[in-house]
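**Student:** Dropping the sequence and predicted coords here.
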Amino acid sequence: QGSISFKDVHFAYDEDRPILKGLSFDVPAGKTVAIVGPSGAGKSTISRLLYRFYDVQEGAITIDGQDVREVTQQSLRCAIGMVPQDTVLFNDTIAYNIRYGRPSATDEEVSAAAEVAQIGTFIRALPHGFDTMVGERGLKLSGGEKQRVAIARTILKAPPILILDEATSALDTTTEQEIQSALDIVSKNRTTLVIAHRLSTVIGADEIIVLRDGKIAERGTHADLLAAD
Ligand code: ADP
Ligand code: ADP
């Protein structure tokens, strides 16, 4: 469940400057497809179109065969989870931040998600060193820890579709590897669209699409693309 299909998608923010020029690809249910390419190639635009922040001008995007224009905003938001490059947190406890958007989640569910994301030990802490609150110890989260909060949120949400938009690109190499293995767990058996800068960060993807100038320049597995270079 959660297959994605882009069919001959054309898109421009401004009429005279096309960004995507006839883009077609599929993410089969449960598979991972990575979009790589230089900055400005249109990678994030793809996730914005999937979310319907914008509509395509030509072509179509479907989820499980249904045009996203015929799906309600509500069900799109339920179906798609996103781990962005830089997670912005509310100045409240980690538990609050994990539960955000899911008020009916139980304490046990929040704790379980935090455990999987490996932030279970400081779930009661506040993220920004907010030290005026009585009884709470302020804690300044690192970039990696913030991404773990985003991952815990996603575990709690359990969406069929996951978008990882440069989710590790702001991290140092060691942290990047740690977060990558957490993301691998979350994306397992979930339809996943990875947006990345570098080929080396998407080795495990079922297919890698190299986007250049709004078109697919190359596609294949990591091994295929290395062989082609
Ligand atoms: P990438 O994610 O590959 O770096 P983006 O999809 O963010 O690229 O952007 C593709 C192009 O679209 C860039 O040239 C960018 O400047 C332009 N762009 C992005 N958002 C907007 C917008 N809201 N209005 C106009 N142009 C935009
Ligand atoms: P939900 O309660 O279902 O998480 P939200 O409104 O919080 O609903 O967000 C829905 C999804 O949209 C979340 O996975 C969130 O990460 C993502 N999202 C929210 N804002 C943006 C944004 N500006 N760009 C991309 N994705 C976003």
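**Tutor:** Thanks, I have the structure now. Ligands and ions are numbered 1, 2, ... in the order given.
**Student:** How about the secondary structure of E178?
**Tutor:** What DSSP: H, G, I helix; E, B strand; the rest coil gives for E178 is helix.
**Student:** quick one: it and G143 touch, right?
**Tutor:** No. Judged on C-beta atoms under 8 Å, E178 makes no contact with G143 at a distance of 11.2 Å. Quick note: C-beta positions are derived from backbone N, CA and C, even for glycine.
**Student:** Quick check: the residue of the chain found nearest ligand 2 vs ligand 1, distance?
**Tutor:** Nearest residue of the chain to ligand 2, counting by C-beta to the nearest ligand atom: G101, 2.6 Å away. According to C-beta to the nearest ligand atom, to the nearest Å, G101 stands 24 Å off from ligand 1.
**Student:** One more: G65?
**Tutor:** 26 Å.
**Student:** for that residue, what are its contacts?
**Tutor:** Residues in contact with G65, defined by C-beta atoms under 8 Å, 6 or more residues apart in numbering, are 3, 5.
**Student:** Got the confidence number for it?
**Tutor:** G65 is assigned 96 on the pLDDT scale.
**Student:** cool, and S24?
**Tutor:** Confidence score, pLDDT, at S24: 98.
**Student:** cool, Q1 as well?
**Tutor:** 84.
**Student:** Repeat that for T191.
**Tutor:** Model confidence at T191 (pLDDT) stands at 98.
**Student:** With adjacent residues omitted, what lies nearest to it?
**Tutor:** G2 (3.9 Å; C-beta to C-beta, 6 or more residues apart in numbering).
**Student:** Perfect, I'm done here.
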